[in-house]
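Colleague: with the input below, show me the fold.
(3 chains)
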Amino acid sequence: MEGKSLFATGLIILLLLAGAAAFAPLLAPHNPTEQNLEKDLFPPSRAHLFGTDKLGRDILGRVLYGARISLLVGLSTVAISCFLGVVLGSLSGYFGGWTDHLIMRLIDVLLAFPGILLAIAFTAVLGPSLRHVVLALCLIGWTGYARLVRGEILALREREFVHAAEALGGTPARIVCRHMVPNLLQPLLIQATFGMAGAILAEGSLSFLGLGVQPPTPSWGAMLSEGRQFLLVAPHLTAFPGLAIMLTILGLNLVGDGLRDRLEKRGK
Amino acid sequence: MKRYLSQRLLLFFPSLLGVLTLVFFFIHLVPGDPVEVMLGESASASHKEALRRELGLNEPVWMQYLGFLKGLAVGDLGRSLYHQGKVMDLVLARFPATLELTLAAMAVAILCAFSLGILAAWKHRTWVDRCALFFSLLGLAMPNFWLGPLLIIAFSIEFGFLPVSGRGGLSHLILPALTLGTAMAALLTRMIRSSLLDVIHEDYIQSARAKGLSELAVWLKHALRNSLLPVTTILGLQFGSLLAGAVITETIFTWPGIGRLTIQAIQTRDYPLVQGCVLVIAVCYLVVNLFIDILCRVIDPRISYGR
Amino acid sequence: MVKKSKQYILRAFVCLWIPLAGCLSQPQTPPGYLVVGLESSPGRLDPRYATDANSVRIGALVFNSLVRADENSRLQPDLAERWEAVDERTYLFHLRNGVTFHNGKPLTAADVKYTYDSVLDPATRSPKRGPLQTVEAVEILGRYLIRFRLTAPHAPFLENATLGIVPVGSPPVRGLEVNLIGSGPFTLEEHVPGEKVVLKSNPVYWEGPPQIAGIVFRVIPDAIVRVLEFKKGTVDFVQNDIEPDMLPWLESHTDAAVKIDQGTTFQYIGTNLDHPVLRLREVRQAIAHAVDREAVIRHLLKGLGTGATGLLSPAHWAYEPRVPQYRFDPEQAKRLLDQAGFPDPDGDGPLPRFTLSYKTTTLDLRRRIAEAFKEHLRRVGIELEVRTYEWGTFYEDIKKGNFHLYSLAWVGVTDPDIYYNLFHSDSFPPNGDNRGRYRNRETDALLERGRRSLVSAERKRIYSQVQHILARDLPYIPLWWTKNVVVMNPTIRGFIPYPDGELISLKKASFSAAKPPV
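Modeller: Below is the predicted model of the structure:
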């Protein structure tokens, strides 16, 4: 019962965030890019519920509009990385041998590669665009999922139920999808939550390197980066986008937990 | 296992070469000019050209790459263009600091994660569990550049017993290690908790209980073992990102690590130094992951590699 | 297995936490040393290589040069008691007697010749070789007399006499610079690249030993942490590397002594004159009228700037105040744009007259300024696309002329001959820094005359004309001269700020009260 209410809470949080992103123009009390240098760093007040930033822009509006960019980048990065990771990770874990070696060494190469260099190269060759940010993040992001999936599949492969399925003539794809992936949901979910937070923050840093959305378009990650030097004098600049990120991953977590409970019940 | 290991070792150097090659071409192809950094704005075009020729920077990239390979074969990475010192000296001077911080952060993460993860699973669906969840979400959502200054304000300014930044005794290590380790601790806490919950109802745990083992022994001996697999995998993954990715933490705490050196080298287009940094990071990372692969096998003897 | 790993965990735990009690505070700084917090790491300190501001400033405390600029940017005797231009190609320097290097050896003309020859030698790869190109020979005329012969008359030559002098036979250090020997008020004790530079007072300095025991320059890259270190008392002195918005906090939370003085660093917007729209002078003038400098200075810089009329600041001897100026006037900007043939397609509606890109670096403040300008230009119907880039990429683009508008600064301008490098048509990259490709025959001719003339009054006339033309043509849209801000421990006495940020007066600084151990 309690699980259900948590699931519902999570769902409500996510829906609210999605709603905020979708209806930002209606909800935002002020235009998020409208500047007023006279009103810099105002603390939260009636007129500006979340306060204003250094350029006098309304933070509430920026958080609402920022949800669009951040949720989009976060979700698409996680979805694509997760998909790639599961496919390559299962290939690696299930077949082993040189397939495994090849994929795992590719991961090693990618992970030892300095991220900032990748970002600079992307900026130079492709220029600023949200799609390029997602591409860059996925290029590194899938490796985490792949390693996780591979490890679990290596362990699961020797379990009785897998042997049984194989004896019954199940194809590898079927065995992986039906018998193994459900067991992987929980670690994948945790990794995805982690990846979501990471992607949202990374988008902010990439925007400074000229890859993501360019100012003055707001995103949570960029707001955090911009507000960071005012940590001592105006903590509200970072607190609100930070809270928004936290809410997002809280919602994801609760929904994910609920989904897993449901799937497990059905599996048994 | 033996065959797997020998193949694995065989692939060590190709992977290493793969990283170095990739980085080599990337750093040479992105815009930027090391000669500009060395000679400054006032240098004349002919001086720049002369130095470029002397350093071999005007040759085609693949020729430079061959030169780099030749140097690598005899263990000579050359001199930093910007600092002029030997690349290996520069990188190795920074290496202990990096290793110290990485290990400390991992220690923090493991300590926190195991205690919190076990507690959360043990007291499943109680307030303890909720607190652990809250902590890990906080840890995930809180960027290092936020957490770092916050910790400094709390422990160095308000309570006043820790230094603000810099590297020195153990007291200097605490705050950066906490900052760097928190996100990882958050992730691991969740992993440990969930894998414990996964197995706690399984047959072999039940039979262990039936054998009359105490509840604590069942947890530690049988259940925890199951969680070690994903945890070690994550540790291996994170080790690499901690080594190279501690830039923000290093910057905040003025920690003289390789992460910052790499960034500076990339920013000044100091080609040899970039390669040196990447080499050291990649070797560490590959060694650790090799070790982790073996460890996984030890933890879970059921794993077999390849058919 | 589990038990074992548990033991390890336990051991790790013990190792990590127990010894803390023993070493919670270790004093990092020797007593009596002044600690300076720097944002960016000084590069190489050897005067033959030092080019970044921090290594030049630290170098000035370790090395002496023939002449030295004072706080009003006028050249004063240092190692040279006096000097004379024998003719327009020959300079004679009379060296001071009795100056010794840190190793005890006397400093003579041979050391000066060695230093300059070393810079001119291509094998040294010195970044200072370029400006010295006109030097034909350096000749020793006596133990304390040295002559420079130039290939052509070159008025800015004296600026090169600020090169730090090293003893004969000092090879260019490759690797760690630990044994650099100079003749200055401090000796180099330690240099850990990227971390710190430690200087120790030179007890036998020829002007008299400094009063402080030494100086530690600590590199603290993070702005907040620099402030927190100051608050904690582990940093005594920070110059300019302070975010403007932190000043009120510092004043209310610490006992800091804050000094604000006009500086010479010049901020500008560079324009690309090959661009079909920016080619038109009216457009550049419209942009100058459209940006609200004063608002940016007041709010984003917290007053740490003064609206600029051009590259040379009022403190400079060649500064010309009576040049065309562009006050904030959006209506005038709109009129100019209309005149130039770019009417606003929909009046005050969202459609822009035209779109330009504005490139800048990843620095927070620069990015914010760019956003403010975007807003100001939007109001007159110009759409600005702000792009921030990492330095290497940014600089490469600027050099290649791959930009519409960009923002940068010139630091430490001394001789007005810099105009030649920036605006002469011979100075297109890679030969110079005329990145916007400004060409004007009249300016070219004036700049050529300016570098040949040795008569101060004539040069002043020439450069005053140059400033006029540039203020009219606006290849650079002047923004502001930044102010220098120094935040220091209130017990520090005797520090005099320099408009270009030099720290040379630290040699006369002292602590009025005993500095408590930190």
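Colleague: what residues are up against C:Thr67?
Modeller: Just to correct that, residue C:67 is Val rather than Thr. Residues in contact with C:Val67 (CB atoms under 8 Å, 6 or more residues apart in numbering or on different chains) are C:Leu75, C:Gln76, C:Pro77, C:Asp78, C:Ala80, C:Trp83, C:Leu158, C:Ala161, C:Thr162. The way it works is simple: take the backbone N, C-alpha and C, and place the C-beta from them, glycine included.
Colleague: which one is the first one nearest to, not counting chain neighbours?
Modeller: So the one you mean is C:Leu75. C:Val67 (4.5 Å; CB to CB, 6 or more residues apart in numbering or on different chains).
Colleague: show me what the helix or strand hosting B:Glu250 is packed against.
Modeller: Following DSSP states H and E, one finds B:Glu250 within helix B:247-252. Secondary-structure packing of helix B:247-252 (3 or more CB pairs under 8 Å, 6 or more residues apart in numbering or on different chains; DSSP states H and E): helix B:144-151, helix B:170-199, helix B:258-267.
Colleague: sorry, back to before: what's the ChimeraX syntax to select whichever of the contacts of C:Val67 are buried?
Modeller: Applying 16 or more other CB atoms under 10 Å in any protein chain shown to the contacts of C:Val67, the buried members can be selected in ChimeraX as follows:
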select /C:75,78,80,83,158,161,162
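Colleague: now tabulate the contacts of C:Val67 in a markdown table and tack on pLDDT.
Modeller: Shown next, in a markdown table, are these (pLDDT from 0 to 100):
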| residue | pLDDT |
| --- | --- |
| C:Leu75 | 85 |
| C:Gln76 | 90 |
| C:Pro77 | 92 |
| C:Asp78 | 93 |
| C:Ala80 | 94 |
| C:Trp83 | 92 |
| C:Leu158 | 86 |
| C:Ala161 | 90 |
| C:Thr162 | 90 |
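Colleague: from the contacts of C:Val67, which is closest to B:Leu162?
Modeller: C:Thr162 (43.0 Å; CB to CB).
Colleague: can I get stretch B:112-131 as CSV, trimmed to CA atoms?
Modeller: Output of stretch B:112-131 as CSV, limited to C-alpha atoms (Å, rounded to 0.1, in the frame of the first residue of the first chain):
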residue,chain,number,x,y,z
CYS,B,112,29.3,5.7,4.0
ALA,B,113,27.7,3.5,1.4
PHE,B,114,28.1,0.2,3.2
SER,B,115,26.9,1.5,6.5
LEU,B,116,23.9,3.4,5.0
GLY,B,117,23.1,0.7,2.5
ILE,B,118,23.0,-2.1,5.0
LEU,B,119,21.0,0.0,7.4
ALA,B,120,18.5,1.0,4.8
ALA,B,121,17.9,-2.6,3.7
TRP,B,122,17.9,-3.9,7.2
LYS,B,123,15.3,-1.3,8.3
HIS,B,124,13.5,-1.5,5.0
ARG,B,125,10.6,0.9,4.7
THR,B,126,11.2,2.6,7.9
TRP,B,127,12.3,6.2,8.5
VAL,B,128,15.9,4.9,8.4
ASP,B,129,15.4,3.8,4.9
ARG,B,130,13.8,7.1,4.0
CYS,B,131,16.7,9.0,5.5
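Colleague: what sits up against it?
Modeller: Contact with stretch B:112-131 is made by A:2, B:132-133, B:135-136, B:181-182, B:184-185, B:187-193, B:196-197, B:200, B:219, B:223-224, B:227, B:231, C:9, as judged by CB under 8 Å, 6+ apart.
Colleague: count the residues that sit near residue 37.
Modeller: I went with chain A, as the question did not name one. Neighbouring residues of A:Leu37 were enumerated by other CB atoms under 10 Å in any protein chain shown; the total is 17.
Colleague: not quite, I wanted chain C
Modeller: For C:Gly37, the neighbour count with other CB under 10 Å is 24.
Colleague: with C:Val198 instead?
Modeller: Neighbours of C:Val198 (other CB under 10 Å): 20.
Colleague: SS state for it?
Modeller: Look at C:Val198: counting by DSSP: H, G, I helix; E, B strand; the rest coil, its state is strand.
Colleague: that one touches C:Phe186, doesn't it?
Modeller: No. Using CB atoms under 8 Å, C:Val198 is not in contact with C:Phe186, being 9.5 Å away.
Colleague: what residues are shared contacts of the two?
Modeller: Each of C:Gly214, C:Ile215 lies in contact with both C:Val198 and C:Phe186 under the rule CB under 8 Å, 6+ apart.
Colleague: may I have the secondary structure class of the most centrally placed residue in chain A?
Modeller: For chain A, the residue sitting closest to the mean C-alpha position, by CA atoms, centre = their mean, is A:Met196 at 1.7 Å. The three-state label given to A:Met196 by three-state DSSP is helix.
Colleague: run a quick neighbour tally on whichever residue of the stretch 101-250 of chain B sits closest to chain C.
Modeller: Residue nearest to chain C within the stretch 101-250 of chain B: B:Gly169 (4.1 Å; CB to the nearest CB). When neighbours are counted by other CB under 10 Å, B:Gly169 registers 15.
Colleague: and A:Phe23, by the same measure?
Modeller: A:Phe23: 11 neighbours (other CB under 10 Å).
Colleague: and if you look at the one 4 residues further on?
Modeller: A:Leu27: 14 surrounding residues under other CB under 10 Å.
Colleague: was I right to think C:Asp78 contacts C:Ala69?
Modeller: No. Applying CB under 8 Å as the test, C:Asp78 and C:Ala69 come out as separate, 9.7 Å apart.
Colleague: returning to that earlier point: between the contacts of C:Val67, which is closest to chain B?
Modeller: Nearest member of the contacts of C:Val67 to chain B, counting by CB to the nearest CB, is C:Thr162, at 13.6 Å.
Colleague: what's near enough to touch the closest one?
Modeller: C:Ser65, C:Leu66, C:Val67, C:Arg68, C:Ala69, C:Leu75.
Colleague: and A:Gly144, by the same measure?
Modeller: A:Gly144 neighbours (CB under 8 Å, 6+ apart): A:Ser81, A:Gly85, A:Gln191, A:Phe194, A:Gly195, B:Leu237.
Colleague: and the gap between the second one and B:Ser194?
Modeller: Looking back up the chat, that one is A:Gly85. 18 Å (CB to CB, to the nearest Å).
Colleague: compare neighbour counts for the two and give me the winner.
Modeller: A:Gly85 (26 against 21).
Colleague: quick one, grab the pLDDT at the more buried one.
Modeller: At A:Gly85, the model reports a pLDDT of 95.
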